[in-house]
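Colleague: structure for the following, please:
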Amino acid sequence: MKTNTIFTSTLAALPVVLGHGRVTSPPTRGLGDANLAKCGTAVNRVLKSDLYGPIENSAAKIDADYDAKACHLFFCKGYQLEDNLDKVQTFKGGQVVNFLVDIEARHTGKANVSVVDLVTQTTVGAPLFNWPVYTNNSLGPPDWPKNETDFNVTIPSNLGDKCNEAGKCAIQWWWYAFNVQTYESCVDFVIA
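Modeller: Next up is the predicted model:
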């Protein structure tokens, strides 16, 4: 019994991996006052405590302060453009853009990177990058595909006026782990 107590105490002292993954480059949306106002204190607190965590952790804390029509938790993780105007990128059609993703904990799922229409909250065209199987947790570090965390996308040449102003389009990295966890990062952009 003493061994169990020591083992349990040792486990309790180990750091807990709270998060799982997010895009680190190009600059993505982050938290701010607009998120707090639209998503509420409880959701904002969870998002702030674990920048890498799944959206479901925040959804579990939705309370009376949450404004479903304004927060859009399952679209760009509820992060608001108003908090991130300084991060809006300018791209040209045909431009190749490198993405870096930091994965803290691997959970097998599927993922894609797509241009999204921020007004209708729908994808625009086909995904720019697609992984039918993403972060396969049966693989060890030597076998992890490099393109899960370091990859390029080509900005479509046919976006025209659809993405000519901030607040119209973003590039969204979306990962759905089969253990029912959703991760998103959004890069707001305009076409030059």
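Colleague: after the helix or strand of the chain with the lowest mean pLDDT, which helix or strand is next?
Modeller: Counting by mean pLDDT, DSSP states H and E, the chain has its least confident helix or strand at helix 2-13, which shows a mean of 43. Using DSSP states H and E, the helix or strand that follows helix 2-13 in sequence is strand 21-25.
Colleague: and that following strand, what does it pack against?
Modeller: In terms of contacts (3 or more Cβ pairs under 8 Å, 6 or more residues apart in numbering; DSSP states H and E), strand 21-25 is packed against strand 96-103, strand 181-191. Using the backbone N, CA and C atoms, a C-beta is placed for each residue, glycine as well.
Colleague: taking strand 96-103 as reference, get the angle to that strand.
Modeller: Strand 21-25 and strand 96-103 are oriented at 140 degrees to each other (axes from the mean of the first three to the mean of the last three Cα atoms, to 10 degrees).
Colleague: would you mark the buried spots in strand 21-25?
Modeller: Across strand 21-25, burial judged by 16 or more other Cβ atoms under 10 Å covers G21, R22, V23.
Colleague: check the nearest residue in space to the first one that is not next to it in sequence and give its pLDDT.
Modeller: Pointing back at G21 there. Distances taken as Cβ to Cβ, 6 or more residues apart in numbering place I103 nearest to G21, at 4.3 Å, with adjacent residues excluded. Per-residue pLDDT puts I103 at 96.
Colleague: since we're on I103, how many residues are nearby?
Modeller: 18 (other Cβ atoms under 10 Å).
Colleague: kindly report the same for the one 3 residues further on.
Modeller: As a burial measure, R106 scores 18 neighbours (other Cβ under 10 Å).
Colleague: mind listing what it touches?
Modeller: T135, N136, N137, W144 (Cβ atoms under 8 Å, 6 or more residues apart in numbering).
Colleague: can you get me a residue count around the closest residue to E82 other than its chain neighbours?
Modeller: Spatial nearest neighbour of E82, chain neighbours left out: A34 (4.0 Å); criterion: Cβ to Cβ, 6+ apart. Residues near A34, counting by other Cβ under 10 Å, number 17.
Colleague: which residues does A34 contact?
Modeller: Contacts of A34 by Cβ under 8 Å, 6+ apart are Q80, L81, E82, D83.
Colleague: next one: D63
Modeller: G40, T41, A42, V43.
Colleague: 6 Å - rerun?
Modeller: Counting by Cβ atoms under 6 Å, 6 or more residues apart in numbering, D63 touches G40, A42.
Colleague: secondary structure class of it, three-state.
Modeller: coil (DSSP: H, G, I helix; E, B strand; the rest coil).
Colleague: for it, phi and psi?
Modeller: Backbone torsions for D63, taken as degrees, to the nearest 10, come to phi -130, psi -160.
Colleague: for it, give its distance to C71.
Modeller: As judged by Cβ to Cβ, to the nearest Å, D63 and C71 stand 12 Å apart.
Colleague: now swap in C39 and tell me
Modeller: According to Cβ to Cβ, C39 and C71 sit 4 Å apart.
Colleague: those two: which is more packed in?
Modeller: It is C39, of C39 and C71, that has more neighbours when counted by other Cβ under 10 Å, with 29 against 24.
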